[in-house]
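Q: Sequence and computational prediction follow.
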Amino acid sequence: CGAGNTRGGNGGGRIDIAAGSILIDGTVSANGTTAFGNQAGSGSGGSINITTSLISGSGLLTANGGVYETGGGGGRIAIRYDTFNLPEANIRAVGGIGNWAQGGNGTVFLKSFAQGLGDLVIDAFGQNSPTDTTPIPPGVTFDNITFRNNARIVADSGISATNTIRLENGSVVTHSPSSE
């Protein structure tokens, strides 16, 4: 929605890719767009869904929220694979930075076909604490969960992993006031 008769930004849309092998040396982007106008909301990041035997390269996968007045929320990236040879730091679903408010971070889901549940990663890439946070829905279990680089997470019904939960580099897990 826009403010002061100004349109908000567009959402990032959806990208689905299925192939035997995928080489990414460029950028696959489902980013939200910028909104202009007093407190207008920028678009949220979209979704990228990849299924492949092999993913490799040095390119970027991004589903970031739009930036400017009010940052859009980060989107969702899911990769299901046999062999993973892409730097994890090149996969980003970050909330957009805004003058009025920052969007919450999105999620990255990585699942080897050999895994039972897959891994959840929420990474703020060092951005300042967002005024919005990323909720974790109840009843979902992962093999591993990683929150890093100033990520802010709301877990009203707890979080569950069969192996490891990592809270790294200034990240915070909390609950909403209504869950007290």
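A: Great, that's in hand.
Q: and the nearest residue to Ile153 once chain neighbours are set aside, how many neighbours?
A: Nearest residue to Ile153, sequence neighbours excluded (C-beta to C-beta, 6 or more residues apart in numbering): Val173, at 4.8 Å. Just so you know, the C-beta spots here come from the backbone N, C-alpha and C atoms, and that holds for glycine as well. If you count neighbours by other C-beta atoms under 10 Å, Val173 ends up with 18.
Q: helix/strand/coil for Val173?
A: On the three-state scheme (DSSP: H, G, I helix; E, B strand; the rest coil), Val173 is labelled strand.
Q: oh, and call the first residue 21 from now on, that's how I've got it
A: All set: I'll call the first residue 21, so the last point we hit is now Val193.
Q: Make sure it is actually in contact with Ile179.
A: Yes: between Val193 and Ile179 there is a contact under C-beta atoms under 8 Å: 7.0 Å.
Q: What helix or strand is Thr53 located in?
A: For Thr53, there is no enclosing helix or strand under DSSP states H and E.
Q: list the contacts for it?
A: Contact criterion C-beta atoms under 8 Å, 6 or more residues apart in numbering gives 29-30, 32, 62-63, 86 as the residues in contact with Thr53.
Q: Kindly give a single PyMOL line that selects the buried subset of those.
A: Per 16 or more other C-beta atoms under 10 Å, the buried members of the contacts of Thr53 correspond to this PyMOL selection:
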select buried, resi 29+30+32+62+63+86
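Q: now the helices: where do they sit in this protein?
A: Using DSSP state H, the helices of the chain do not appear at all; there are none.
Q: okay, which residue is most central for it?
A: Centroid check for the chain by C-alpha atoms, centre = their mean gives Gly126 as the closest residue, at 2.3 Å.
Q: Check that one and give its pLDDT.
A: With respect to pLDDT, Gly126 scores 94.
Q: again with Thr72
A: Thr72 is assigned 98 on the pLDDT scale.
Q: What is the neighbour count of the closest residue to it other than its chain neighbours?
A: Nearest residue to Thr72 in three dimensions, chain neighbours excluded: Ile42, at 4.8 Å (C-beta to C-beta, 6+ apart). When neighbours are defined as other C-beta under 10 Å, Ile42 has 20 of them.
Q: now swap in Gly46 and tell me
A: Neighbourhood size, Gly46 [other C-beta under 10 Å]: 10.
Q: Pretty sure Ser78 is one of the things it touches, is it not?
A: No: counting by C-beta under 8 Å, Gly46 stays clear of Ser78, with 9.7 Å between them.
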